[in-house]
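Asks: Sharing a model prediction with you, sequence too.
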Amino acid sequence: MRRRDFLKGVVKAVLVSMACISSSVAALFIYPASVKQREITMYECLSEEELPRRGVRRLDIEIDNKGRRAAVFIVAHEDKCFALSPVCTHLGCLVSFSRHGNAFICPCHGGKYDVEGNVIGGPPPRALTRLPMRVDKGKVYIGLKV
């Protein structure tokens with residue numbers, strides 16, 4: 001190998017390394033500034049009397065005046081009432097509730113969750129997300145990040 005070829009290779013390696021490092025550093029400063037931090041907002045979705053006494057009820061909550069909606073499941077099971085996100089923890093598809101199987105089923109890859117949202121089959125890595133829910137003055141509020 002000639003000295004000139006060796007020096008060219010060293011210069012190229014140094015320039016590529018500098019480009020990689022500078023782009024990584026730039027990404028650290030640019031990315032957080034461009035990402036809007038989403039906070040949990042509580043949405044009024046129904047009255048306390050409309051809560052299911054047992055079983056699962058799907059709700060579509062209006063989240064703004066532009067017609068955007070978000071789906072949630074209200075579950076009444078073993079004297080507990082809670083809200084679950086319908087977003088599968090595998091790849092983000094929306095699950096549906098099968099009354100016949102008493103389970104949440106993901107249509108994309110066959111993920112299966114029990115009535116409390118715990119994984120009972122398929123590829124999902126964790127349970128469905130429980131959403132904050134509170135009852136105040138007869139109204140039910142559910143927390144969403146939108």
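Replies: That came through fine. Numbers count the residues shown, from 1 in each chain.
Asks: surely Y141 meets I74?
Replies: No. In this structure, Y141 is not within contact of I74 by C-beta atoms under 8 Å, at 11.9 Å. The way it works is simple: take the backbone N, C-alpha and C, and place the C-beta from them, glycine included.
Asks: higher neighbour count, the two?
Replies: Just comparing Y141 and I74: by other C-beta atoms under 10 Å the higher neighbour count belongs to I74, 22 against 16.
Asks: Report the beta-bridge partners for the more buried one.
Replies: The bridge-partner assignment for I74, based on DSSP bridges, gives R57, A83.
Asks: picking that back up, shared neighbours, Y141 and I74?
Replies: M133 (C-beta atoms under 8 Å, 6 or more residues apart in numbering).
Asks: which residues touch the residue positioned nearest the centre of the chain?
Replies: In the chain, the C-alpha nearest the mean C-alpha coordinate belongs to V87, at 6.0 Å (C-alpha atoms, centre = their mean). Counting by C-beta under 8 Å, 6+ apart, V87 makes contact with 93-95, 128-129.
Asks: any idea how far H77 is from it?
Replies: 20 Å (C-beta to C-beta, to the nearest Å).
Asks: what does G67 give?
Replies: 32 Å.
Asks: try E49
Replies: Counting by C-beta to C-beta, the gap from E49 to H77 is 19 Å.
Asks: which of those two has more neighbours?
Replies: H77 (16 against 7).
Asks: V119: how many residues sit nearby?
Replies: Counted with other C-beta under 10 Å, V119 comes out at 18.
Asks: Could you measure from it over to F104?
Replies: Taken as C-beta to C-beta, the span from V119 to F104 is 10 Å.
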